[in-house]
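1. Kindly generate the corresponding structure for this input.
(2 chains)
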Protein chains: 2
Amino acid sequence: MQQALTLYSYWRSSAAYRVRIGLNLKGLDYAIVPVHLVRDGGQQHAPAYAALNPQELVPTLCDGERVLTQSLAILEYLEETRPQPALLPAAAGDRARVRALAQLVACDIHPLNNLRVLQFFDQEWHVPQSERDDWILHWMRMGFSALETALAGTAQTGRFCHGDAPGLADCCLVPQLYNARRFRLDLDPFPTLRRIEAACLALPAFDAARPENQPDAA
Amino acid sequence: MQQALTLYSYWRSSAAYRVRIGLNLKGLDYAIVPVHLVRDGGQQHAPAYAALNPQELVPTLCDGERVLTQSLAILEYLEETRPQPALLPAAAGDRARVRALAQLVACDIHPLNNLRVLQFFDQEWHVPQSERDDWILHWMRMGFSALETALAGTAQTGRFCHGDAPGLADCCLVPQLYNARRFRLDLDPFPTLRRIEAACLALPAFDAARPENQPDAA
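-> Take a look at the predicted model:
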């Protein structure tokens, strides 16, 4: 029998959103413990949470007594412990493609636009809001351009980022597009990303994971 | 018979350094094609390279005709196609721990201090060198503090990040410590990181991957 899953989540965190999608795609039951990233000076900095996650970031997933951090490591763990339905294709070359697409978002777009980075600009460098927004849009535009090129016009891309079943790359793409809309990035240059996003959000697993459908949504 | 491996690398890129270590740990032969990240306006932006890697970043690994991007996706691919010696432990929970340590570096330290980010600060915001250095040191210090906490005082950490064999997390840690030394971060608060680094660099696989031992080293 499998143990209880508990996700420490924040409704608007795109890293937590990725894990919610993965859990939902696999049809797993889980409890959500909200961690408010702004309230109380940031509840992720509270000692009890920092003891679980020394980076003081969300998400953290507990599988019984086991404590898991880093969204992509969590999704790979779910894939290995609850293999069906799969988030990764079977062949090594295809798996590498899906992981690279996921990491393009998770390593090269999202960390640059994270709350803690924007707080640094505001508090340490006193960068005006408009320039902080320019920064955000710059990295999203650059990352999405590469993603659009990587996805458009290759037969490996299907209804979703890889073939006709949703997977790890889609778990990363959809939350990043949510962020992009939040910051009003013009998405016209990225028709493949928008097409895949629409296909994803039509699925209950993605819909239930949306920020606005979370218990802690503002 | 396995196909020829070609690594597009830059001596000082820590993402390329990770992949060099992984290839060496697995005892694989590979050719290096240097991509100079500054010369010629950045050779990673040349059309021929951009066709291989639409992000215009190093590394790229070619396995015969197959083109692989993103350092962690490449290392996972090598693990799946050339399993021995393993870079990941066998049990899902241990694999998740190693991947989370690797991603702490690859998602939450390195992308913030990448060349393109520093170029943005210099060229777009005209941030003085001393403040750019503060930025670099800030994120390294924060990431290393979390890593030190995660590694110190747990029985899972051994001679290396996980047990007594080098693996995926060590492939990420050692290049990040190289960067830290380059920017003169005080490493005294991170004794576990320094101990593991020393154990790694005593191995020929790590030594041969060092920036200064590359054909394109300045």
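
2. any idea how far A:E76 is from A:Q156?
-> With distances taken as C-beta to C-beta, to the nearest Å, A:Q156 is found 20 Å from A:E76. Heads up, the C-betas are built off the backbone N, CA and C, glycines and all.

3. quick one: which of these two has more around it?
-> A:E76 (26 against 14; other C-beta atoms under 10 Å in any protein chain shown).

4. Which helix or strand lies directly C-terminal to the biggest helix by length in chain A?
-> As assigned by DSSP state H, the longest helix anywhere in chain A is helix A:129-151. On the C-terminal side of helix A:129-151, the nearest following helix or strand under DSSP states H and E is helix A:168-182.

5. Pull the residues that contact the helix or strand just after that following helix.
-> As assigned by DSSP H and E, the chain's next helix or strand after helix A:168-182 is helix A:191-201. Helix A:191-201 is contacted by residues A:144, A:147-148, A:151-152, A:157, A:159-161, A:166, A:170, A:173-174, A:177, A:187, A:206-207, A:210 when judged by C-beta atoms under 8 Å, 6 or more residues apart in numbering or on different chains.

6. go with 6 Å
-> A:E148, A:L151, A:A152, A:R159, A:F160, A:C161, A:P166, A:D170, A:V174, A:L177, A:L187, A:F206 (C-beta atoms under 6 Å, 6 or more residues apart in numbering or on different chains).

7. now swap in stretch A:169-182 and tell me
-> With C-beta under 6 Å, 6+ apart, stretch A:169-182 has contacts from A:14, A:17-18, A:21-22, A:98, A:101-102, A:105-106, A:109, A:140, A:160-161, A:197, A:200, A:206.

8. Please indicate which of those are buried?
-> Buried members of the contacts of stretch A:169-182, counted by 16 or more other C-beta atoms under 10 Å in any protein chain shown: A:14, A:17-18, A:21-22, A:98, A:101-102, A:105-106, A:109, A:140, A:160-161, A:197, A:200, A:206.

9. Of these, which belong to helices?
-> A:14, A:17-18, A:21-22, A:98, A:101-102, A:105-106, A:140, A:197, A:200, A:206.

10. quick check, nearest of the residues you listed to B:P128?
-> A:M140 (26.5 Å; C-beta to C-beta).

11. And that closest one, how far from chain B?
-> From A:M140 across to chain B, the span is 13 Å (C-beta to the nearest C-beta, to the nearest Å).

12. Next one, pLDDT for that residue please.
-> The model reports A:M140 with a pLDDT of 98.

13. What of the one 4 residues further on?
-> What the model reports as pLDDT for A:F144 is 98.

14. Hmm, it is touching A:D188, no?
-> No: judged on C-beta atoms under 6 Å, A:F144 makes no contact with A:D188 at a distance of 11.1 Å.

15. returning to what we had before: mind putting the ones in helices among the buried ones among the contacts of stretch A:169-182 in TSV, distance to B:V33 included?
-> Below are these laid out as TSV (distance: C-beta to C-beta, whole Å):
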residue	distance to B:V33
A:S14	35
A:Y17	38
A:R18	33
A:I21	37
A:G22	36
A:V98	25
A:L101	23
A:A102	26
A:V105	27
A:A106	27
A:M140	30
A:E197	36
A:C200	37
A:F206	40
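
16. For these, which two are the farthest from each other?
-> For those, and using C-beta to C-beta, no pair is farther apart than A:G22 and A:M140, which are 22.0 Å apart.

17. Count the residues that sit near A:Y77.
-> 23.

18. That one sits in which helix or strand?
-> helix A:71-81.

19. buried stuff in that helix?
-> Buried-residue list, helix A:71-81, by 16+ other C-beta under 10 Å: A:S71, A:L72, A:A73, A:I74, A:L75, A:E76, A:Y77, A:L78, A:E79.

20. ok, back up a step: now the contacts of helix A:191-201 as a markdown table including distance to B:F121 and pLDDT?
-> Conversion of the contacts of helix A:191-201 to a markdown table gives the following (distance: C-beta to C-beta, whole Å; pLDDT from 0 to 100):
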| residue | distance to B:F121 | pLDDT |
| --- | --- | --- |
| A:E148 | 26 | 98 |
| A:L151 | 30 | 98 |
| A:A152 | 31 | 97 |
| A:R159 | 40 | 98 |
| A:F160 | 36 | 98 |
| A:C161 | 32 | 98 |
| A:P166 | 37 | 98 |
| A:D170 | 33 | 98 |
| A:V174 | 30 | 98 |
| A:L177 | 26 | 98 |
| A:L187 | 27 | 98 |
| A:F206 | 36 | 98 |
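
21. which among those gets closest to chain B?
-> A:E148 (8.6 Å; C-beta to the nearest C-beta).

22. ok, for the closest one, nearest residue in space, not its chain neighbours?
-> A:F190 (4.8 Å; C-beta to C-beta, 6 or more residues apart in numbering or on different chains).

23. Could you report the distance from the one you found to A:M140?
-> On the measure of C-beta to C-beta, A:F190 and A:M140 end up 10 Å apart.

24. next one: A:T192
-> 15 Å.

25. go on, A:G158?
-> Where A:M140 is concerned, A:G158 sits at a distance of 24 Å (C-beta to C-beta).

26. So which residues on chain A come close to chain B?
-> Within chain A, the positions lying close to chain B (C-beta under 6 Å from any C-beta of the partner chain) are A:54-55, A:66, A:68-70, A:72-73, A:76-77, A:80-81, A:92-93, A:96, A:99-100, A:103, A:106-108, A:111, A:146, A:149-150.

27. The same query, at a cut-off of 7 Å, please.
-> For chain A, the residues in contact with chain B (C-beta under 7 Å from any C-beta of the partner chain) are A:54-55, A:66, A:68-70, A:72-73, A:76-77, A:80-81, A:92-93, A:95-96, A:99-100, A:103-104, A:106-108, A:111-112, A:117, A:146, A:149-150.

28. Point out where chain A drops to low pLDDT.
-> A:1 (pLDDT under 70).
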